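Q: Here is a sequence together with a model predicted from it:
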Amino acid sequence: MLSRLGALLLAALAMWAGPAAATEFQSVSGVHADGSQVWWWNLEVKAYVPDAARGRPGPVVLLLHGCKQEGVPFATDTGWRDLAEKRGFALLVAEFTDSVSGVPGNNCMWWFDADQRLPTERNITGRLYQDVLKARETYGIGGGDNFVVGLSAGGAMAQVLLAALPDAFAAGASLSGLPVGCAQIGGVTGGSYFATPEVRRAFGCMEGPAEVKPQDWAKEIARLHPSRAKWPRLSIWQGDADKTVACVNAVEIASQWAGLHGAALPAFTACDQTHRNPPPFDPVWTATRGEAETVVELRLLPGFGHAAPVAPAAGCGREGAYVANAGICAASEIAGFFGL
C-alpha cells in the first residue's frame, strides 16, 4: 500500500513539475526606467542561457512572438530553444500580454505605434533592449552581437528595434512582418471604421499594397538617423499563401532595407513577379554590400501560410500555434544568416 501511494505521489509531482522546457526559461527582472513601470506591466522577457553561453562573450538572440502566441512555446515549437542549446548562444523571449483591441489572449505587439521607434527607455522598444543588456550582465556575457527575430506583429516589431537602435543589433529576421512606418505613411486603410487612423492604416498594410513608392520606404527609417550610413542586416521570410499579412509586404520590406543600405532595389513590386529558382526555399532576391556580404535577403515559401516554418522530420521544431511544417528550418537558416 505504501509503495503504491509513493508511486502515486511521484506521478503527481511529475505532473505538477510540467515539461522541462517550460521551466528552463528564467525571468529577466529588475529593469525599470527611473523606478517606473510605464508600459511594462504587460511585458516580460525570459532567458534561456546554456552553460556554454555563460561567463563569456557571445551572441544574444531576442525572439518576438506574433499575435495569439506566447513566447516560451513559440521558442520551443520553432526550434530556437534547441538551437540555442546546440550552438551555445543566449536566447531571450518576450511575453507580451496586451492588444490594441483589449481582448485577452491576442498578445499583439504594438509595431504600428510611431512612439515605439523612438530610442527611449520608456517604451516597449527601450524595455526590450534594456532586458538584453540586463541578461548580458546577469549571465556574464560580456561582449558579442545582438540579434532579433519575430513573426507577424513580432516580425514588424523586430524591424522597429533595428530601425530605432541600429547600433544595438547586428542583424534581424522578419517572418510575415510589415515595413517600418507603414501605419504612418501607408495610403490604404482597413479594419474597423471606428479604429484610429494609425490602426486603420496598419490593417490596410496587412491586407495589401500600402501605395508607397519603393524609393520612399527607406526615407521613413532614415529620417530617425539622418547621418547614418551603416544599418543592421535583415532576413525576410514570407509565405506566398499568407492570408493574414499580404505577401507584397515582404517585397516592400526588401525595398525599405535595401534602400537603407544603398543597394539596388528589387526589380519587382509583387511576389508573383519574382523568379523562383530550385530549390524552392532559396532566397529569391538578395542585396549585397560590396562584392560579398549579403545585407538583405528575401525568401518566399510557395504555398505556405501565416506561420513560422519548421522541419520536424529534420529534427527542427514541431507544429504549434502559427508554427507549421514547411520542410525547411527557418531557425537554422536564420542563425546561419546571422553567422551563429
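A: Happy to help now that I have it.

Q: send the alpha carbons of stretch 187-207 over as PDB?
A: C-alpha atoms of stretch 187-207 as PDB (Å, rounded to 0.1, in the frame of the first residue of the first chain):
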ATOM      1  CA  GLY A 187      -2.100  55.200 -48.300                       C
ATOM      2  CA  VAL A 188      -4.700  52.400 -47.700                       C
ATOM      3  CA  THR A 189      -6.900  51.800 -44.700                       C
ATOM      4  CA  GLY A 190      -8.700  48.700 -43.500                       C
ATOM      5  CA  GLY A 191     -10.000  47.100 -40.300                       C
ATOM      6  CA  SER A 192     -12.800  48.700 -38.200                       C
ATOM      7  CA  TYR A 193     -14.100  52.100 -39.300                       C
ATOM      8  CA  PHE A 194     -14.100  53.100 -35.600                       C
ATOM      9  CA  ALA A 195     -10.400  52.500 -35.100                       C
ATOM     10  CA  THR A 196      -7.800  55.200 -35.100                       C
ATOM     11  CA  PRO A 197      -6.300  56.300 -38.400                       C
ATOM     12  CA  GLU A 198      -3.000  54.700 -37.500                       C
ATOM     13  CA  VAL A 199      -4.600  51.300 -36.700                       C
ATOM     14  CA  ARG A 200      -6.700  51.500 -39.900                       C
ATOM     15  CA  ARG A 201      -3.600  52.100 -42.000                       C
ATOM     16  CA  ALA A 202      -1.900  49.200 -40.200                       C
ATOM     17  CA  PHE A 203      -4.800  46.900 -41.300                       C
ATOM     18  CA  GLY A 204      -4.500  48.400 -44.800                       C
ATOM     19  CA  CYS A 205      -0.900  47.400 -44.900                       C
ATOM     20  CA  MET A 206      -1.600  43.900 -43.700                       C
ATOM     21  CA  GLU A 207      -4.300  43.400 -46.400                       C
END
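
Q: Pull the residues that contact it.
A: If you take Cβ atoms under 8 Å, 6 or more residues apart in numbering as the criterion, stretch 187-207 is touched by 100, 111-114, 178-179, 182-184, 186, 208-212, 244-246, 249. C-betas here are computed from N, CA, C, even on glycine.

Q: cool, stretch 326-340 as well?
A: With Cβ under 8 Å, 6+ apart as the test, stretch 326-340 has contacts from 59, 61, 78-80, 83, 87, 89, 145, 147, 149, 170-171, 173, 175, 233, 235, 237, 239, 281, 294, 297, 299, 301, 304, 307-311, 313-314, 316-317.

Q: Which positions within it qualify as buried?
A: When burial is assessed from 16 or more other Cβ atoms under 10 Å, stretch 326-340 yields the following buried residues: 326-335, 337-338, 340.

Q: next one: stretch 295-303
A: Buried residues in stretch 295-303, defined by neighbour count with 16+ other Cβ under 10 Å: 295-301.

Q: picking that back up, for PyMOL, write the select line for the buried members of the contacts of stretch 187-207.
A: The PyMOL command for the buried members of the contacts of stretch 187-207 (criterion: 16+ other Cβ under 10 Å) is given here:
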select buried, resi 100+111+112+113+178+179+182+183+186+209+210+212+245+246+249
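
Q: Alright, I will stop here.
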